[in-house]
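Novice: Using only what follows, build the 3D model:
(one chain, ligands or ions: 1)
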Amino acid sequence: MIRTQGLTRHFVVKKETVEAVRGLDLAVQRGELVALLGPNGAGKSTTVRMLTTLIPPTAGSAHVAGFDVVRNQGEVRRRIGYIGQGNGAGHQQVGRDELTSQGRAYGMGRKAARARADELISALDLAGVADRKVATLSGGQRRRLDIAMGLIHAPALLFLDEPSTGLDPQNRANLQDQIVKLRAEYGTTIVLTTHYLDEADSMAERVIVVDHGRVIADDTPARLKAEHAGDRISLACGSDDDARRASARIGAFDGVDAEHGRDRVHVRAVNGPELLPELLRRLDADGIRVIRAELARPTLDDVFLNLTGRSLREGGAEPAEPEPPATSTAATTRQNQEITA
Ligand SMILES: Nc1ncnc2c1ncn2[C@@H]1O[C@H](COP(=O)(O)OP(=O)(O)OP(=O)(O)O)[C@@H](O)[C@H]1O
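Specialist: Next up, the predicted model:
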């Protein structure tokens, strides 16, 4: 559905070149729900704007729905829907009329446009508000109307640029449910950009992590977390000596990293839920006292932190916190230093 090769976009601002997107190679298959995840300024919107023909690439190429985004703009536009960051519907218009007009603008007959508007109003739970002026709708309702506008011509591919930015958590969760339902109902391929980690994690089958205009990881959320982050186990031991012995014992496990600092042991592994009871049994058998054990499953933020050394918090990537002093008993890797960060 999407194929790009070396897709690049520069902007010149006051004689300085901003390399917004640097040589992106992407492939999205029909029916996928893909999230482009990255901090502010990573190049997500610029990528989507090139894929939707709104701006031309500086270099490289992109085929969307089978057509070149530069040579066949019209063909691409007919086959895609695009919901940008601003609201698309006119505020003084009635939602249902806006939808019908949008359908007419895509060349649909009056009857067909009305029928499609009715269908989307029902699919997006807008029945109670579709006959009100857009200005009177809540942020979440307006965003759903935007999505209906983008789907009016039944595109095979829908781009959503930051669909839930500005919505409160409840409206955000509702919108995410609606998008997943729509996708199941219509089989639309969906590419969304987000800097909400939970949004990418819960909705997308595939997350493409973008940083400084480049793809730095591309996989399912589960595999990204298993490969680039792992589970973290934190043990509070009965004494500093217990922690030192525990760390040495755990560090000998295959594929497990352990560090200790005072009476604590920090462990990193891929199979935390299965490993933790086993660790506790072995430490107990060795007479090592563990007072408290905590298990933390990884997030996509941990993935980003491991890949870049920065944290992808809502609103931007920040430098990681300085690490507390720790002594490693396993092979020291950058990842296991970050366990304690
Ligand atoms: N029209 C423009 N003129 C100049 N610079 C631009 C323009 N559009 C984007 N940029 C710059 O390109 C870089 C990438 O911006 P882009 O909007 O693609 O990032 P983003 O990942 O979508 O960020 P956000 O999450 O904040 O929307 C940024 O440094 C931005 O300032």
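
Novice: Quick check: the gap between the residue lying farthest from the centre of the chain and the ligand.
Specialist: Using C-alpha atoms, centre = their mean, the residue of the chain lying farthest from its centre is Gly287. It sits 44.6 Å away. In this view, Gly287 and the ligand are 53 Å apart by C-beta to the nearest ligand atom, to the nearest Å. Where you see a C-beta, it was placed from the backbone N, CA and C, and this is true even at glycine.

Novice: phi, psi of that residue?
Specialist: Comment: the main-chain dihedrals of Gly287 come out as phi 70, psi 20, following degrees, to the nearest 10.

Novice: For Arg249, see how far away it is.
Specialist: 11 Å (C-beta to C-beta, to the nearest Å).

Novice: burial count for Cys115?
Specialist: Cys isn't right for residue 115; it's Ala. Residues contacting Ala115 under the criterion other C-beta atoms under 10 Å number 14.

Novice: how about the longest helix that the chain contains as CSV, C-alpha atoms only?
Specialist: Among the elements of the chain assigned as helix by DSSP state H, the one spanning the most residues is helix 169-186. The C-alpha atoms that make up helix 169-186 are tabulated as CSV, following Å, rounded to 0.1, in the frame of the first residue of the first chain:
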residue,chain,number,x,y,z
PRO,A,169,-7.8,10.6,28.4
GLN,A,170,-11.4,9.4,28.2
ASN,A,171,-12.1,10.9,24.8
ARG,A,172,-8.7,9.7,23.7
ALA,A,173,-9.6,6.1,24.7
ASN,A,174,-13.0,6.4,22.9
LEU,A,175,-11.5,7.7,19.8
GLN,A,176,-8.9,4.9,19.8
ASP,A,177,-11.7,2.3,20.1
GLN,A,178,-13.6,3.9,17.2
ILE,A,179,-10.5,3.8,15.0
VAL,A,180,-9.9,0.1,15.8
LYS,A,181,-13.6,-0.7,15.1
LEU,A,182,-13.6,1.2,11.8
ARG,A,183,-10.6,-0.7,10.7
ALA,A,184,-12.2,-4.0,11.6
GLU,A,185,-15.4,-3.0,9.8
TYR,A,186,-14.0,-1.5,6.6
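
Novice: Need the residues that contact that helix.
Specialist: Outside helix 169-186, the residues within contact range by C-beta atoms under 8 Å, 6 or more residues apart in numbering are 33, 123-125, 138-140, 143-144, 147, 151, 154, 160, 163-164, 167, 188, 190, 192, 196, 199, 202-203.

Novice: Now do the helix or strand Asp198 falls within: which elements does it pack against?
Specialist: In this structure, Asp198 sits in helix 197-203 according to DSSP states H and E. Using 3 or more C-beta pairs under 8 Å, 6 or more residues apart in numbering; DSSP states H and E as the contact criterion, the neighbours of helix 197-203 among helices and strands are strand 33-37, helix 169-186, strand 189-194, helix 300-308.

Novice: Tell me which residue of the stretch 101-250 of the chain lies closest to the ligand.
Specialist: Nearest residue of the stretch 101-250 of the chain to the ligand, counting by C-beta to the nearest ligand atom: His195, 5.0 Å away.

Novice: My read is that that residue contacts Leu36, right?
Specialist: No. Counting by C-beta atoms under 8 Å, no contact exists between His195 and Leu36, whose distance comes to 9.7 Å.

Novice: Which one's more surrounded, these two?
Specialist: A side-by-side neighbour count of His195 and Leu36, using other C-beta under 10 Å, places Leu36 first with 27 against 21.

Novice: got the contact list for that one?
Specialist: With contacts taken as C-beta under 8 Å, 6+ apart, Leu36 has the following neighbours: Lys44, Thr47, Val48, Val191, Leu192, Thr193, Thr194, Ile208, Val210.
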